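Asker: Show me the folded form of this:
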Amino acid sequence: MKRLNRQAGISLVEIMVALVISLFLLAGIVQVYTGNRATFSFTNALAEIQENGRFALDTISQDLRLAGEWGCIPFDSSDTSNINNTLNGATVTGYSAALHDFVGEEAVEGSNNDGTNGFSDSLTIRGGKPGQANVESPFTAPATGEITIDGNSRIGGNDFVLIMRCGVNDLLIDEEADIMRVTASIYDTGNDQTKLTLAGNKSQRYENDASVIELQTVTYSIEPSAIGTNEPTLIRSEFGNAQELVEGVEDMQILFGVDDDGDQFPNQYFDADNVPDFEDVVAIRIMLLVRSLDDFVTEDAQTYTFNSVQTTAADRRIRQVFSATIALRNRIGSS
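Answerer: Got it, this is the predicted structure:
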């Protein structure tokens, strides 16, 4: 009969040694994982802040560069006889001068410390949108509410337009431009034209020396998000219709560069409450404080400086300051 060799098992001491070694290895793995996760959270939050801040500044800058855009029409706030403004209560439902009066209201203006958080500024911009359309035949007579423009226009019903004549006007025609509301827009694919129906009559017969620009009144402000996060959010309101643009924008401060010597460059910067005359504003300085959407991203509360004030945060979010100075193209360099 074959005898089996005796087999010895693992001793208790060996098991304990193996467990201790395993614990050290597991602790190292956990530490590496925790460190990598913290690094990823920080890097991701920082990238999110930078993307949001740059997008916010780029969007505001684009609207500001179009402030007071009148195309080829010379605009003088003291003499607006060359502009026929048809927007009033009869043609615009719920007419508001702040939203629909492009002649009497300022191209840029703002308010100081009136946000729902009690300290953010707001900024209102009036002017044209990018691009313009050319008027094409058939040319319609004055006292008619129709006009034809080239291409498949983005202009639609209830939009507001500036129709401007860039050539030499007839001697008997005083107005060089009409500001009107569009009631309907129909695209003719065969002729690649868009027919606009207007609320009211034109002041003159516009021909192929005329163009059309879509107008807008835009207000930027800081409000809590309405989608459930309650995060402070940069709001862009076009004609009072609010759109949440960027979450995590905690504060916005605006300074208005005023040209007080007529050289078309800013000499002093004021907040909205102290601007002598918004007609003299030729540049806007914007400061945004953007924070991460996630908390507990940093090990300690961050200390930051915004608008010359140093603050220690009450949470562990990352905050970054973005600033830009934007020249109003339609005022700087104009005669």
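Asker: Next, count neighbours for S81.
Answerer: 9 (other C-beta atoms under 10 Å). C-beta here means a position set from N, CA and C on the backbone, and glycine is covered the same way.
Asker: Show me where the stretch 51-200 of the chain has its helices.
Answerer: Secondary structure of the stretch 51-200 of the chain, counting by DSSP state H, counting those that start in this stretch: helices at 97-100.
Asker: mind listing the strands in it by residue range?
Answerer: 83-85, 108-111, 122-128, 133-134, 146-150, 160-165, 177-188, 193-198 (DSSP state E, counting those that start in this stretch).
Asker: Now do the longest one: distance to the chain's middle.
Answerer: Offset of strand 177-188 from its chain centre (C-alpha atoms, centre = their mean, to the nearest Å): 25 Å.
Asker: what do you get for the fourth one?
Answerer: Using C-alpha atoms, centre = their mean, the distance from the centre of strand 133-134 to the centre of the chain it belongs to is 25 Å.
Asker: same deal with the first one?
Answerer: Going by C-alpha atoms, centre = their mean, the spacing between the C-alpha centre of strand 83-85 and its chain's C-alpha centre is 27 Å.
Asker: Identify the residues contacting that strand?
Answerer: I73, F75, D101, F102, V103, E175, E176, A177, D178, I179, S203 (C-beta atoms under 8 Å, 6 or more residues apart in numbering).
Asker: contacting residues around the residue lying closest to the third one once chain neighbours are set aside?
Answerer: Okay, so that is D101. Nearest in space to D101, with sequence neighbours left out and distances taken as C-beta to C-beta, 6 or more residues apart in numbering, is L87 at 6.9 Å. By C-beta under 8 Å, 6+ apart, the contact list for L87 reads Y95, H100, D101, F102, F160, I179, M180, R181.
Asker: what do you get for L57?
Answerer: In this structure, L57 makes contact with I286, L288, F322, A324, judged by C-beta under 8 Å, 6+ apart.
Asker: Quick check: the gap between it and V246.
Answerer: Going from L57 to V246 by C-beta to C-beta, to the nearest Å gives 10 Å.
Asker: Neighbours of the nearest residue to L64 once chain neighbours are set aside, how many?
Answerer: Leaving aside its sequence neighbours, L64 sits nearest to I326 (C-beta to C-beta, 6+ apart; 4.6 Å). Look at I326: counted by other C-beta under 10 Å, it has 18 neighbours.
Asker: So which residues make contact with the helix or strand hosting I326?
Answerer: Under the criterion of DSSP states H and E, I326 resides in strand 319-327. Residues outside strand 319-327 that contact it (C-beta under 8 Å, 6+ apart): 46, 49-50, 53-54, 56-57, 60-61, 64-65, 250, 257, 282-292, 302, 304-306, 313.
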